Structures are given as structure tokens and as C-alpha cells.
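[1] Sequence first, then the predicted structure, then my questions.
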Amino acid sequence: MDETIVDTRHWHALGDGRVQCDVCPRHCHLHEGQRGLCYVRQCLDGGVKLVSYGRSSGFCVDPIEKKPLNHFYPGSSVLSFGTAGCNLACKFCQNWDMSKSRQMDTLADRAMPQQLADAAVQLACRSVAFTYNDPIIFMEYAIDVAEACHAQNVKTVAVTAGYVDPEPRAEFFRVMDAANVDLKAFTERFYHKICGGHLASVLETLQYIKHETGCWLELTTLLIPGENDSEDELQAMTRWVVEHLGPDVPMHFSAFHPDWKMRDILPTPPETLTRARRIAMNNGVRFAFTGNVHDAQGSSTWCPNCGELLIERDWFKLGRWYLDGRGACRACGTPVPGHFEAAPGQFGPRRIPVRLSR
């Protein structure tokens, strides 16, 4: 039997020869042999199977700040990988060669869960990240990898859009130590028109992660000129975050560059990111960051109490470190939410591709 094809649980028969996939709100109805929009979940033998188990589009050692996660073991390295396909259809996707792939040849590398956990240890990675495309769609593989990693004290990170149904959501985030969730916009129009999804399901996921799990949460919004960067939308989004998630969930505002099906829109001006960060902080977000630009002021962590520079960053490079051994400001003693070692990691802004196939 092909070890890359495995049974899944989250589906049910419709009674007309089709089955419904119940992993995400898309609820694809599939005939025998048909794949869902995500491409990696397929109706075979009367049930839904994951057909990409143990297969990857590539592995790379990254700085954790690239996920982006700024308050989860800063300066550490993370073994990153993805598969193919996605359950959203974002027209601006910047990993479209993987997330929009309809070719299994994209999955040229292979690694079973134990092999991945062993590689993370051998490469001195503090964590493994499921990224590049959404790990929700290959959740069975991601969960098995996470359990193998935890057995060796390696943390797990999900980079996801959070577009998932309640039952698989609980199963998935139970084994994730940290997540960066793309809050792509704060209007139903944007989610429906640009992403082919719905905002409400993502907001439910955010509240679930924050209030029902021990998973560390950070948010990222890619600001696209004229689409999701208006004053009103940013005001509404950041107020919602503070009210429903609390003031300590870090928010990242990242710069868009033309890609996939939105090549006619200009890149995001740096001042747009600075404005979004200011709006967030004025509305009570204590840790707001700019991303995809060189901006030491906007990408660094500052004490929300005394204003001291605590973790200096320029893109993925760390500078000054002014946290004590308890993860608190050395100047005034204010605790900083997150997961910190006594000293920062020293991986730096490198990117190291690795091959795990034998």
C-alpha cells in the first residue's frame, strides 16, 4: 500500500454516492476519485483520504521571525516545510507555486514524522513549522509530526489562515505550540471576493486558539493598497482584536508585493504599515509590528509600560536584548507575554535549504 495515502476521519457520506469533506467550511462534495479544492484530500474507496502524507515541496531552516513569530523563542531556528494545495483561493498568494499547485510532482521531497523530528534535533532547530501552504489540509500528517517532535522536546508552529471547522480545529491546535494566523482582512467582501472564503470562520478560530488552547498566538495581515488598508477597516480590526483576543496578541502588518493574480497593484508603501501599526497601538494593541520592510522601529519589541527597547529587530536580524531571565523588562520589571529563553537564539537571518529524502 502507498504510505503517502492515508485514511481521514473528518468526512461523511451524503447518500447519493458522494461524500462531504468536513475539515474546513468549504465542505467539498466529492464523487469517487474527485479531489477537493485543496487538491490533497480525495474521495477514494468511498471515503476521504489524504494523498500527500509524508510528501513535501521542500524543507528549509529559517529564523523563527520569518513565520513571523516575534515572541516565540526569538533568534531560534525552525525547520520549515509545506506540501501542495490550499483550501482558500487568495488572488495575492505569495507561495502560489506550492499552494496553487495541481501537480503531485511539486512534492519532490519525502519525510515520515519520526524522520522529521530527528532532523530537527540534528539541525538544532527549536521548532518545526508547518508553513508555505496551509497545514489544515494535511492535518493528519502535521499532527503525527507534532507528536513525534514533542517526544524529543521540539516545539511545533502552524502558519495558517485558520479556515477550519470546529472538530478538526480542536484536534489540530491541541498539538500546536504556536500559531501565526493570517487575518487577511476585516470585511466579508474581501474574504469572499479575493480569497474565496468567509471571515466569520476565521474569527471563530482566533477566539478558539486564544481562549481554549495553550497555543501561543500571533496575527499577520498583508496590507494590499486599496483592498484592506483603509482607516475604517484597520480601526475595526484592531478594536476587535483587543476586545475579543486581548491586548497582548502581537499583530504583524506586512507589505504586499505584486504576485499571482494581483500583479497590477503596486507594492505597499512603508508609510501604510507605519499607519496601521499606529492605529493598532492607539486602540490598545501592545505589540504591533511592521513586516517585509527594513524598519527597526516598527519591527522591534518595546516595553508597553516604560517604553524601553526590549528586543531590537531589523527584518530577521536581532540586536539589543533587554529582557531579564524571566522574560520581563529589565528597566521596570513588566512581564512580556510570550515564550522566551534566558538569552536570545543566535541563528540570525539565514535561510538553509535541506534535503531529507534518502
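    All right, it came through fine. Numbers count the residues shown, from 1 in each chain.

[2] Residue ranges of each domain in the protein, please.
    6-50, 57-354 (automatic domain parsing).

[3] okay, these in a markdown table with mean neighbour count next?
    All C-beta atoms are positioned from the backbone trio N, CA, C, and that covers glycine. Formatted as a markdown table, the domains of the chain follow (neighbours: other CB atoms under 10 Å):
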| stretch | mean neighbour count |
| --- | --- |
| domain 6-50 | 17 |
| domain 57-354 | 19 |
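
[4] mean pLDDT for those domains: which is lowest?
    Mean pLDDT per stretch puts domain 57-354 lowest among the domains of the chain, at a mean of 94.

[5] Can you get me the start-to-end distance on that domain?
    In terms of CA to CA, to the nearest Å, the two terminal residues of domain 57-354 are separated by 11 Å.

[6] Tell me where this structure has helices.
    Counting by DSSP state H, the chain has helices at residues 96-99, 113-122, 139-150, 166-173, 188-190, 199-212, 231-244, 270-282, 296-299.

[7] Nearest to T8, out of the ones you listed?
    Nearest to T8, of all the helices of the chain, is helix 139-150, at 5.9 Å by CB to CB.

[8] The closest one to helix 113-122, inter-axis angle?
    Relative orientation of helix 139-150 and helix 113-122, computed by axes from the mean of the first three to the mean of the last three CA atoms, to 10 degrees: 40 degrees.

[9] What is the distance between helix 139-150 and the centre of its chain?
    Taking CA atoms, centre = their mean, to the nearest Å, one finds helix 139-150 lying 16 Å from the centre of the chain it belongs to.

[10] returning to that earlier point: tabulate the helices of the chain (CSV), appending distance to L50.
    Shown next, in CSV, are the helices of the chain (distance: least, CB to CB, whole Å):
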stretch, distance to L50
helix 96-99, 16
helix 113-122, 13
helix 139-150, 5
helix 166-173, 12
helix 188-190, 29
helix 199-212, 20
helix 231-244, 32
helix 270-282, 37
helix 296-299, 37
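
[11] A342 is nearest to which of those helices?
    Nearest to A342 among those is helix 113-122; the distance by CB to CB comes to 20.9 Å.

[12] And the contacts of that closest one?
    With CB atoms under 8 Å, 6 or more residues apart in numbering as the test, helix 113-122 has contacts from 54, 59, 79, 81, 111, 127-128, 141, 144-145, 147-149, 151-152, 154, 354, 356.

[13] Let's see that with 10 Å instead.
    Applying CB atoms under 10 Å, 6 or more residues apart in numbering, the external contacts of helix 113-122 come out as 53-54, 56, 59, 61, 77-79, 81, 111-112, 125-128, 141-156, 354, 356-358.

[14] ok, now which ones touch the closest residue to G33 other than its chain neighbours?
    Of all residues beyond its chain neighbours, the one nearest G33 is C43 (6.4 Å), with distances taken as CB to CB, 6 or more residues apart in numbering. By CB under 10 Å, 6+ apart, the contact set of C43 is 11, 17-21, 28-36, 49.

[15] Strands of the stretch 51-200 of the chain, start to end?
    For the stretch 51-200 of the chain, strands defined by DSSP state E, counting those that start in this stretch occupy the ranges 55-56, 58-63, 77-82, 109-110, 127-130, 155-160, 178-182.

[16] Using CSV, write out the CA atom coordinates for the fifth one.
    Only the C-alpha atoms of strand 127-130 are listed here, as CSV (Å, rounded to 0.1, in the frame of the first residue of the first chain):
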residue,chain,number,x,y,z
SER,A,127,10.8,24.0,16.5
VAL,A,128,9.2,22.6,13.3
ALA,A,129,6.9,24.9,11.3
PHE,A,130,4.0,23.8,9.0
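
[17] Good, wrapping up.
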